[in-house]
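A.B. asks: What follows is a predicted protein model with its sequence.
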There are 2 protein chains.
Amino acid sequence: MQTGTPPLRRADARHNIDRIIAATVDCLSRQPSASIADIAHAAGVGRVTVYGHFPTREALVEAALKRVLADGDQVLKGVDLGGDPRIALQSLIESSWLLTAQASAVLEAARHSLPPGRIQALHESSELRVHELIRRGQAEGVFRQDLPAPWLTDALHHLMKGAAADVSSGRLAAVDAPRWLVATVLAAYSVPNG
Amino acid sequence: MQTGTPPLRRADARHNIDRIIAATVDCLSRQPSASIADIAHAAGVGRVTVYGHFPTREALVEAALKRVLADGDQVLKGVDLGGDPRIALQSLIESSWLLTAQASAVLEAARHSLPPGRIQALHESSELRVHELIRRGQAEGVFRQDLPAPWLTDALHHLMKGAAADVSSGRLAAVDAPRWLVATVLAAYSVPNG
DNA sequence: CCTAAGTTGTACAAGTCTGTTTGATTTACA
DNA sequence: TGTAAATCAAACAGACTTGTACAACTTAGG
């Protein structure tokens, strides 16, 4: 290995790329059909600048998806998923509900402009940790076993996504969301006492 | 009153209007940005015919929204919401989860092309019955009271909508959906045993 | 300070969507 | 059977979006 080629792009370019991706995540999670012009405006750059860094809309969406999934991975990596599955689930929800909801929104936006295989590949690794926690909880008898783990996973996502939507629309205060989510999900996961 | 003016439209026209509205509900609930051409094709009529009955996209979307909400009302009206709130909730979910999810999808599609007030007005009456059932369940101590009724209502909708999405994407079998929904929601609504 | 990298506005081509018009054709229904 | 109603394909105008090209400008960084 050489000592490394000098950075391929200038500092301001890298900075702008960052802002563009962030703006893309932001815009797409609010409106899946946001135009490049909207995104460029939100990023505070010209529309042509966007095309200077991302040859096509597809590439931009994929970059945004990678970013938001990477952020999710980063957060998940910092959460202790050991110990009591209920405590772990609570930590997981509290630390990632908003980001996960955002990721879901971007993922849905990407579904219309990216090949399905490409999406699934990026999304799967992120999903694995949650799925594993749920299965462990089931194995330990802490979470109900009368419903399959994939459904429990999906239900969790639907609720987080819905809560984020409620916050966006003003029907739910952002400070209440994690608490109610945890209470709802933990109850939904508990073994039926019958 | 006179014996009534003759029907304003010919029989085939009324029939086509019906098919167009049905196709609109169907298309919009699968893709919120479906074009008039898509809808016309799905309805088996020419694009111009659609404009012959609905002057603008807005009018068409509103008609579809009214239709799907009216259908929901019709179904809800046939459900016995008395007795044990848990039984009532189960009946409600089993009989309306798919239609409610469809209505939510159309409602989301409408959100981008209809004034927000117009939507809320049509949507509210339908929502009232469910909300009332939940509050009764809380008052009787059957449903948890540590979470506000509006959130419980929203959570129910999020889960039904999510289940419908899962069925659409093939991650969930349609026959399993109502059973798992009921099990999940009833658990989520149950009073914490701590 | 100088140069190349980066940004910008404008303009363009091609595509899609909405909504309208026209004229020919088919069909309900009296 | 006859007529008004309804449908249809084709073509149009206007708006919007994607992606490309270009020339002028600003700025990073050696």
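C.D. replies: It's in. Note that the coordinates shown come from a computational prediction; the quantities given were computed from them, not determined experimentally.
A.B. asks: What's the first helix or strand after the helix or strand of chain A with the lowest mean pLDDT?
C.D. replies: Ranking every helix and strand in chain A by mean pLDDT, DSSP states H and E puts helix A:116-139 at the bottom, with a mean of 90. Counting by DSSP states H and E, the element after helix A:116-139 in chain order, helix or strand, is helix A:149-168.
A.B. asks: Off-centre distance for that following helix?
C.D. replies: With Cα atoms, centre = their mean, to the nearest Å as the basis, helix A:149-168 stands 11 Å off its chain's centre.
A.B. asks: Specify the angle between it and helix B:149-168 in degrees.
C.D. replies: For helix A:149-168 against helix B:149-168, the angle by axes from the mean of the first three to the mean of the last three Cα atoms, to 10 degrees is 130 degrees.
A.B. asks: What is the burial count for A:G46?
C.D. replies: 12 (other Cβ atoms under 10 Å in any protein chain shown). Just so you know, the C-beta spots here come from the backbone N, C-alpha and C atoms, and that holds for glycine as well.
A.B. asks: any idea how far it is from B:V61?
C.D. replies: Separation of A:G46 from B:V61 (Cβ to Cβ, to the nearest Å): 34 Å.
A.B. asks: Remind me what the least confident helix or strand of chain A packs against, helices and strands.
C.D. replies: helix A:57-77, helix A:85-110, helix A:149-168 (3 or more Cβ pairs under 8 Å, 6 or more residues apart in numbering or on different chains; DSSP states H and E).
A.B. asks: Mind checking these for the one nearest to B:A155?
C.D. replies: helix A:149-168 (6.1 Å; Cβ to Cβ).
A.B. asks: The closest one: which residues count as buried?
C.D. replies: A:149, A:151-167 (16 or more other Cβ atoms under 10 Å in any protein chain shown).
A.B. asks: Is that helix positioned near chain B?
C.D. replies: Yes: Helix A:149-168 reaches chain B (Cβ under 8 Å from any Cβ of the partner chain) through A:150-151, A:154-155, A:157-159, A:161-163, A:165-166.
A.B. asks: Can you tell me which residues in chain A are near DNA strand C?
C.D. replies: Chain A comes close to DNA strand C at residues A:8-10, A:12-13, A:16, A:44-49, A:52-53, as judged by Cβ under 7 Å from any atom of the strand.
A.B. asks: where does the residue nearest to A:T49 when sequence neighbours are not counted fall, phi/psi-wise?
C.D. replies: Distances taken as Cβ to Cβ, 6 or more residues apart in numbering or on different chains place A:N16 nearest to A:T49, at 6.4 Å, with adjacent residues excluded. Torsion angles at A:N16 (phi, psi; degrees, to the nearest 10) stand at phi -70, psi -40.
A.B. asks: Next up, the contacts around A:N16.
C.D. replies: Neighbour list for A:N16: A:43, A:45, A:49, A:53 [criterion: Cβ atoms under 8 Å, 6 or more residues apart in numbering or on different chains].
A.B. asks: Are any of those buried, and if so which?
C.D. replies: Burial by neighbour count, judged by 16+ other Cβ under 10 Å, picks out A:43, A:45, A:49, A:53 from these.
A.B. asks: want to try TSV for the helices and strands packed on helix A:116-139, with mean pLDDT as columns?
C.D. replies: Below are those laid out as TSV (pLDDT from 0 to 100):
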stretch	mean pLDDT
helix A:57-77	95
helix A:85-110	95
helix A:149-168	97
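A.B. asks: out of those, nearest to B:T24?
C.D. replies: helix A:85-110 (21.2 Å).
A.B. asks: excluding its backbone neighbours, what's nearest the residue minimising distance to the centre of chain A?
C.D. replies: The residue lying closest to the centre of chain A (Cα atoms, centre = their mean) is A:A103, at 2.6 Å. Sequence neighbours aside, A:V68 is the residue nearest to A:A103 in space, at 4.6 Å (criterion: Cβ to Cβ, 6+ apart).
A.B. asks: next one: A:R19
C.D. replies: Residue nearest to A:R19 in three dimensions, not counting chain neighbours: A:A43, with 4.6 Å by Cβ to Cβ, 6+ apart.
A.B. asks: Pull up the gap between the one you found and B:S104, please.
C.D. replies: Going from A:A43 to B:S104 by Cβ to Cβ gives 32 Å.
A.B. asks: just A:G52 next, same as before
C.D. replies: With Cβ to Cβ as the criterion, A:G52 and B:S104 are 40 Å apart.
A.B. asks: the more surrounded of those two?
C.D. replies: B:S104 (19 against 14).
A.B. asks: mind checking how far stretch A:89-98 is from the chain centre?
C.D. replies: In this view, stretch A:89-98 has its centroid 12 Å away from the chain centroid, taken as Cα atoms, centre = their mean.
A.B. asks: Output that stretch as CSV, nothing but the C-alphas.
C.D. replies: What follows is stretch A:89-98, C-alpha atoms only, in CSV (Å, rounded to 0.1, in the frame of the first residue of the first chain):
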residue,chain,number,x,y,z
LEU,A,89,-35.9,-3.8,23.8
GLN,A,90,-36.7,-0.7,25.8
SER,A,91,-33.2,0.7,25.2
LEU,A,92,-33.5,-0.2,21.5
ILE,A,93,-36.8,1.6,21.1
GLU,A,94,-35.8,4.7,23.0
SER,A,95,-32.5,5.1,21.1
SER,A,96,-33.6,4.3,17.6
TRP,A,97,-37.3,4.8,17.1
LEU,A,98,-37.0,8.1,15.3
